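[1] heads up, no residue letters with this:
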C-alpha cells in the first residue's frame, strides 16, 4: 500500500516538474488517484501558472475543487474533471475569463453548475453521466459562445427536451427518450 502511494506521489511530482521545466501550457494529472489537488503544486508551479491553459484531473477521486485552484490557474482554456466525485463548483469559476471547454462528465452533479452560465467564453460543457434533473434553460439560452452542451445519461426533465433551435444557438446532446411503459 505505502509503495503504491509513494509511486503515485512520484508520478505526480514528475508530471509537475515536466510542466515547469518545459514551460508547457498544460498539466495532466489524470489517473493519479488524487483525492484533492495537492497544495504543494501551487508553490512548485507559481512561476508558470499564468501560462497554463489546459489541465486534466480526469479519473481521480476529487470530491471538490477549491477556489484557490480556480484563482491560481486563472488563464485556463480547457479543464477536464471527468470521472471524479464532484457535486458542485466554487463560485470563483466565474472568474475563468478564457475558459472555452469544461468536461464534468461522470461526476455527482445533481444540479446544473450555474456559475458556468456566467462564463461568457464557454463553448463546450460536458455533463454526461451525472444526476442532473433541472437545467437553467433561460440562462443557457443567453450564452452567446456556447456551441455544445452534453447532458446525455442525466434524468433531465421534459422541459429540457423542448430546447430546440432557434431557441438555443448550441447543440444539445441528450439520451434518447425512454419509451413510456404500457399499462
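    It's in. The structure displayed is predicted, hence computed values, not measured ones.

[2] And the contacts of the top helix by length along the chain?
    Across the chain, the helix with the greatest residue count (assigned by DSSP state H) is helix 2-22. The set of residues that contact helix 2-22 without belonging to it, under C-beta atoms under 8 Å, 6 or more residues apart in numbering, is 24, 26-29, 32-34, 38, 41, 44-45, 47-48, 52. Yep, even glycine has a C-beta here, placed from its N, CA and C like the rest.

[3] redo that, cut-off 6 Å
    By C-beta atoms under 6 Å, 6 or more residues apart in numbering, the residues outside helix 2-22 that reach it are 27, 29, 32, 33, 41, 44, 45, 48.

[4] Of the residues you listed, keep whichever come out buried.
    When burial is judged by neighbour count using 16 or more other C-beta atoms under 10 Å, the buried members of the contacts of helix 2-22 are 27, 29, 32, 41, 45, 48.

[5] which parts of the least confident helix or strand in the chain by mean pLDDT are buried?
    For the chain, the helix or strand with the lowest mean confidence is helix 158-161, at a mean of 75 (criterion: mean pLDDT, DSSP states H and E). If you call a residue buried by 16+ other C-beta under 10 Å, then helix 158-161 has these buried ones: residue 160.

[6] what comes into contact with that helix?
    Helix 158-161 has contacts (C-beta under 6 Å, 6+ apart) with residue 135.

[7] returning to what we had before: which one of the buried ones among the contacts of helix 2-22 is nearest to residue 105?
    Of all these, residue 105 sits closest to residue 29, with 17.1 Å by C-beta to C-beta.

[8] Skip the chain neighbours and tell me the closest residue to that closest one.
    Computed as C-beta to C-beta, 6 or more residues apart in numbering, the closest residue to residue 29 that is not its neighbour in sequence is residue 57, at 5.4 Å.

[9] quick one: stretch 99-111 to chain centroid distance?
    Relative to its parent chain, stretch 99-111 has a centroid offset of 4 Å by C-alpha atoms, centre = their mean, to the nearest Å.
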